[in-house]
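In: Pasting the sequence and the predicted coordinates here, then a few questions.
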Amino acid sequence: MLSKTQIAKDKITDLKVKLFRGFSDHSRMSILNALRSRPLTVNEIVEATGLNQSNVSNHLGCLRCCDLVVRQQQGRFVYYQLSDERIAQLLDLADELLANVAQGVNSCDRYD
């Protein structure tokens, strides 16, 4: 029988897996990277990522649902931005880590 502590740890692990699932899609990662520097409209995200508008809107909905991205109305424009500066910091850390492990990650066939 699992202890309450183990159940709590398992729930936290499950939440972490779900969080990283938000980062694991190529389109969502492209959108998050585009939003690292400043808030953008959907059209600006489309331009920055090369994704089509429908795809961007769909993934923004997912990112908003998970509280990774927020939107703000400014006049007739809606701007999207990262919900927390730590998301950009996490992406920065990922870039730093990849500087050291990119070859191994690239050659890993277990994630495909």
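Out: Yep, that arrived.

In: what about residue 6, which helix or strand?
Out: Assessed by DSSP states H and E, residue 6 sits inside helix 4-23.

In: how far off helix 4-23 does the next helix-or-strand element following that helix point, in degrees?
Out: Following helix 4-23 in sequence order, the next helix or strand is helix 26-34 (DSSP H and E). Relative orientation of helix 26-34 versus helix 4-23 (axes from the mean of the first three to the mean of the last three Cα atoms, to 10 degrees): 80 degrees.

In: what about helix 26-34, average pLDDT?
Out: On average, the pLDDT along helix 26-34 is 97.

In: returning to that earlier point: mind exporting the helix holding residue 6 as PDB, just the C-alpha atoms?
Out: The C-alpha trace of helix 4-23 is given here as PDB (Å, rounded to 0.1, in the frame of the first residue of the first chain):
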ATOM      1  CA  LYS A   4       0.200   9.500   1.500                       C
ATOM      2  CA  THR A   5       3.700  10.900   0.900                       C
ATOM      3  CA  GLN A   6       4.300   8.600  -2.000                       C
ATOM      4  CA  ILE A   7       0.800   9.400  -3.500                       C
ATOM      5  CA  ALA A   8       1.600  13.100  -3.200                       C
ATOM      6  CA  LYS A   9       5.000  12.600  -4.900                       C
ATOM      7  CA  ASP A  10       3.300  10.600  -7.700                       C
ATOM      8  CA  LYS A  11       0.800  13.400  -8.300                       C
ATOM      9  CA  ILE A  12       3.500  15.900  -8.500                       C
ATOM     10  CA  THR A  13       5.400  13.700 -10.900                       C
ATOM     11  CA  ASP A  14       2.200  13.400 -13.000                       C
ATOM     12  CA  LEU A  15       1.800  17.200 -13.100                       C
ATOM     13  CA  LYS A  16       5.400  17.600 -14.100                       C
ATOM     14  CA  VAL A  17       4.900  15.100 -17.000                       C
ATOM     15  CA  LYS A  18       1.800  17.000 -18.000                       C
ATOM     16  CA  LEU A  19       3.700  20.400 -17.800                       C
ATOM     17  CA  PHE A  20       6.500  19.100 -20.000                       C
ATOM     18  CA  ARG A  21       3.900  17.700 -22.500                       C
ATOM     19  CA  GLY A  22       3.000  21.300 -23.100                       C
ATOM     20  CA  PHE A  23       6.500  21.900 -24.200                       C
END
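
In: No further questions, thank you.
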